[in-house]
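1. Kindly return the folded structure for what I paste below:
(2 chains)
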Amino acid sequence: MTLLLVALGAALGAPLRYAMATWIDEEAFPTGTLLANVSGSFLLGLFVSGGATGDWLAFLGTGFCGGFTTYSAFAVQTHRLGPARGTAYAVMTIGLSLAACAIGFVVGPHPGSGAG
Amino acid sequence: MVFLAVALGGAVGAVLRYLLGDAVPDGSGFPWNTFGINVSGSLVLAWLPWSATVRHRPTLAAGLGPGLLGGWTTLSAYAEQSRVLLDGGQTATAVAYLIGTLAACLAAVALVSSLYAPSAGDEFEAEGGDT
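-> Have a look, this model is predicted:
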C-alpha cells in the first residue's frame, strides 16, 4: 500500500517537473527545473510541518516532492552551464531551496506543537 | 506517451529510493543514504546521452532521465534534511552535507564527461568533421 502511494505521488510529480523543464528551461538557464526544485522543497517543509507521517508522508513527501524535485538534472545542468553560470545556478538552487523549505516549515500548521 | 514514460520511470525511481531508505535508514547525522542516491543518479544521468540505445529513442530517454533518475534523486529531501540538521544545531554536518553532495555529484558528472567526451572527439575526427 505504502509503495503504491510513493509510486502514485512520483507519477504525478515527475511529469509535472518534466513539463516545467520542457516549457520553461532555456539553454542559457534552467529556470523551470529551478522552480520545480524550490517549490518542491517549500512543499516538503510545509507537509512535514503539517505533521505528515506514514502513508501521507510517503505519498506527498517521498512520492510527490521526491519525484517533483531532482538532483541528477540539477548536477548535470550545473556542469553544462560552466563555471560562471553554473556557480550562479548552484548557489540559487541550493540557497533558495533551503530557504523555501524553512519558510514552508515555519508557515505550516504545526499541529503537534500545541500552539495552534 | 513521453509524459507516461516519465510518470512510469519516476514512480519506479521513487519506489526504489523509498525501499533503500527503508533498508538503510538515514540516522540523525549525515544522510548517507540520500547522498548515495543523488551521487549515483547524477552519474548515470551524465552517462545516459552516451548510450546509443537511449540516444535514438526519445521516449526511453525521457523515461530513464527525467523519469527514473529524476524520481530516484531528490532535492526536496536534501533541503529538508539540511534544515533539520541546522535546526538541531548540527551546523557543521549540514554544511558538509550541502556542499559535499554538490561536490560529489559534480565530480561524478565531470568524471563521466571526461571518460566519454574524448572518444566522441575521436569519432568526430575519424569522420573528418574537423577539416
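2. residue contacts, the residue in chain A that chain B sits nearest to?
-> In chain A, the residue that lies nearest chain B is A:Ala14 (2.5 Å; CB to the nearest CB). Where you see a C-beta, it was placed from the backbone N, CA and C, and this is true even at glycine. A:Ala14 makes contacts with A:67-68, B:6-7, B:9-11, B:13-14, B:66-67, B:70-71, as judged by CB atoms under 8 Å, 6 or more residues apart in numbering or on different chains.
3. helix or strand for it, which one?
-> For A:Ala14, the element it lies in under DSSP states H and E is helix A:2-24.
4. list the helices and strands the next helix or strand after that helix packs on?
-> Using DSSP H and E, the next helix or strand after helix A:2-24 towards the C-terminus is helix A:31-49. The contact analysis (3 or more CB pairs under 8 Å, 6 or more residues apart in numbering or on different chains; DSSP states H and E) places helix A:31-49 against helix A:2-24, helix A:66-68, helix A:72-107, helix B:76-87.
5. and the second one, what other elements does it pack with?
-> Taking 3+ CB pairs under 8 Å, 6+ apart as the contact definition, the neighbouring helices and strands of helix A:66-68 are helix A:2-24, helix A:31-49, helix B:2-23, helix B:70-72, helix B:76-87.
6. Let's have the ones you listed in TSV, adding mean pLDDT and distance to B:His56.
-> Output for the helices and strands packed on helix A:66-68, formatted as TSV (pLDDT from 0 to 100; distance: least, CB to CB, whole Å):
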stretch	mean pLDDT	distance to B:His56
helix A:2-24	98	20
helix A:31-49	98	24
helix B:2-23	96	15
helix B:70-72	98	21
helix B:76-87	97	33
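7. which of those is buried the deepest?
-> helix B:70-72 (a mean of 33; mean count of other CB atoms under 10 Å in any protein chain shown).
8. Not counting sequence-adjacent ones, nearest residue to the most centrally placed residue in chain A?
-> Nearest to the mean C-alpha position of chain A, by CA atoms, centre = their mean, lies A:Gly40 at 2.4 Å. Leaving aside its sequence neighbours, A:Gly40 sits nearest to A:Thr69 (CB to CB, 6 or more residues apart in numbering or on different chains; 3.7 Å).
9. doesn't A:Leu3 make contact with A:Asp55?
-> No. Using CB atoms under 8 Å, A:Asp55 makes no contact with A:Leu3, being 10.5 Å away.
10. what do these two both touch?
-> With CB under 8 Å, 6+ apart, A:Asp55 and A:Leu3 have no common neighbours.
11. Specify the local secondary structure of A:Pro111.
-> coil (DSSP: H, G, I helix; E, B strand; the rest coil).
12. Pick out the residue of chain B closest to chain A.
-> B:Gly10 (2.5 Å).
13. ok so, going back, contacting residues for the residue nearest to the centre of chain A?
-> Counted by CB under 8 Å, 6+ apart, A:Gly40 has contacts A:Gly13, A:Arg17, A:Cys65, A:Phe68, A:Thr69, A:Ser97, B:Leu75, B:Ser76.
14. Among these, which one lies nearest to A:Trp23?
-> A:Arg17 (11.0 Å; CB to CB).
15. Isn't the closest one up against A:Cys65?
-> No. Using CB under 8 Å, A:Arg17 is not in contact with A:Cys65, being 10.5 Å away.
16. Any buried residues in the lengthiest helix in chain B, and which?
-> Secondary structure of chain B per DSSP state H: the longest helix is helix B:91-126. For helix B:91-126, a neighbour-count test (16 or more other CB atoms under 10 Å in any protein chain shown) marks B:93-94, B:97-98, B:101-102, B:104-106, B:108-109, B:112-113 as buried.
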